[in-house]
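> quick one, what's the 3D model for this:
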Amino acid sequence: MKQFFLPIGLILATIIGFFLPAVGVLFSDNNGLRIVVFIIFLISGYQTGSGGLSVNKKLPAIFLIAAGISLLFAPLLGLGISMILKLPLHMAMGLIIMGTVPPTISSGVVITEVAKGNGALALFLTISLNLLGIFSMPFVLDLCFKAAGPVNIDQNALLLKMLFFVLLPFIIGKMIRKLSKKNQVSGVWSYVNSSCVILIVYASIAASKNAFTGLTVKDGLLVFIGTTSVHCLLLAISAQAGKILKLSERDNRALIFVTSQKTLPLALAVLASLQFDTGNAIIICLVFHFLQLFIDSFLASMMRQKSIVRTV
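Numbers count the residues shown, from 1 in each chain. Model prediction:
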């Protein structure tokens, strides 16, 4: 049930956003998106525990490689693919945003553990890259947007919004978790967090309904090719980086899944923070999210089966 809640919710949010947009438009026009983004990262901070990571001499190198791939190379890859495919500006913006945001808060860790990878390393990379990404994202995003077309963003304003709506609630959530002295939190919070993401998608689609109606079959094909290309290339590059570093199989799997995945809530937060029409950029974000979960879940299952067979 848990693994299907968000995907099914996103599909329903998309459908309802098309046919019953009034509530979503009202919600979007009254700062509802920003409030929900704050709640998402408050809960994310509360849910994020501290894994038992054993420090080894390769950890700094792993972190630097992961940061380089996830926060610097991925945005350039998104920009490059959008140029090769000649994506319309709004779609290019969506692909660049997904390339720029840090890794997923939870699914990268979960999929790493499914693949019999190092869950503690995955958690460390997830937290550290998300914290670093908040500061790097506005500046990298601005550079890539300028290269993609006549788009300018206020870097300092976006950074302040990311600090207030992402970092601050995340820290507050972590503090609440620490003060409560809970080793485990209720699974209900995962549903609350997913519900908030679903609400953002509904409101965003409702507010951008007109941008969706002009999509063609060609546009849909370009979206699929663009998102799949970026994610699969990130998987391949991360895997090769692990080989160059001569990582153990478990550590390599953590590097592969964390650095190749991108967080949907933060991408939606960026879209909500931009002071201009982002059109159908949200389509890229949603498709990227679905495809990365599908592809990585399939890969993780194969890796898990391979590990089980080897131990028998």
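> neighbours of the residue lying closest to residue 194 once chain neighbours are set aside, how many?
Once flanking residues are discounted, residue 194 sits nearest to residue 6: 4.4 Å by Cβ to Cβ, 6 or more residues apart in numbering. Backbone N, C-alpha and C define where each C-beta goes, glycine included. For residue 6, the neighbour count with other Cβ atoms under 10 Å is 22.
> cool, and residue 64?
Using other Cβ under 10 Å, residue 64 is surrounded by 10 other residues.
> what's the closest non-adjacent residue to the most centrally placed residue in the chain?
In the chain, the residue lying closest to the centroid (Cα atoms, centre = their mean) is residue 263, at 1.1 Å. Spatial nearest neighbour of residue 263, chain neighbours left out: residue 104 (4.7 Å); criterion: Cβ to Cβ, 6+ apart.
> check whether that neighbour really touches residue 126, as I assumed.
Yes - using Cβ atoms under 8 Å as the test, residue 104 is close enough to residue 126 to be in contact (7.4 Å).
> so who does the residue nearest to residue 263 touch?
Taking Cβ atoms under 8 Å, 6 or more residues apart in numbering, we find residue 104 in contact with 126, 261-264, 292.
> can you flag which of those residues belong to strands?
Of these, none are assigned to strands by DSSP state E.
> buried stuff in the helix or strand containing the residue nearest to residue 194?
Residue 6 belongs to helix 2-19 when assigned by DSSP states H and E. Residues of helix 2-19 classed as buried by neighbour count (16 or more other Cβ atoms under 10 Å): 6, 9-10, 13-14, 16-17.
> how about CSV for those, with distance to residue 222 added?
Shown next, in CSV, are the buried residues of helix 2-19 (distance: Cβ to Cβ, whole Å):
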residue, distance to residue 222
6, 25
9, 26
10, 21
13, 23
14, 19
16, 26
17, 22
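> which one of these is nearest to residue 253?
Distance to residue 253, by Cβ to Cβ, is smallest for residue 6 among the buried residues of helix 2-19, at 22.6 Å.
> and the contacts of residue 104, which are buried?
Neighbour counting with 16+ other Cβ under 10 Å marks 126, 261-264, 292 as buried within the contacts of residue 104.
> can you add distance to residue 64 and pLDDT and give those residues back as a markdown table?
Formatted as a markdown table, the buried ones among the contacts of residue 104 follow (distance: Cβ to Cβ, whole Å; pLDDT from 0 to 100):
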| residue | distance to residue 64 | pLDDT |
| --- | --- | --- |
| 126 | 16 | 88 |
| 261 | 19 | 94 |
| 262 | 19 | 94 |
| 263 | 20 | 89 |
| 264 | 26 | 86 |
| 292 | 23 | 90 |
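> for the closest residue to residue 73 other than its chain neighbours, the count of nearby residues, please.
The shortest distance from residue 73 to any non-neighbouring residue, by Cβ to Cβ, 6+ apart, is to residue 237 (7.1 Å). By the criterion of other Cβ under 10 Å, residue 237 has 19 neighbours.
> much appreciated, bye for now.
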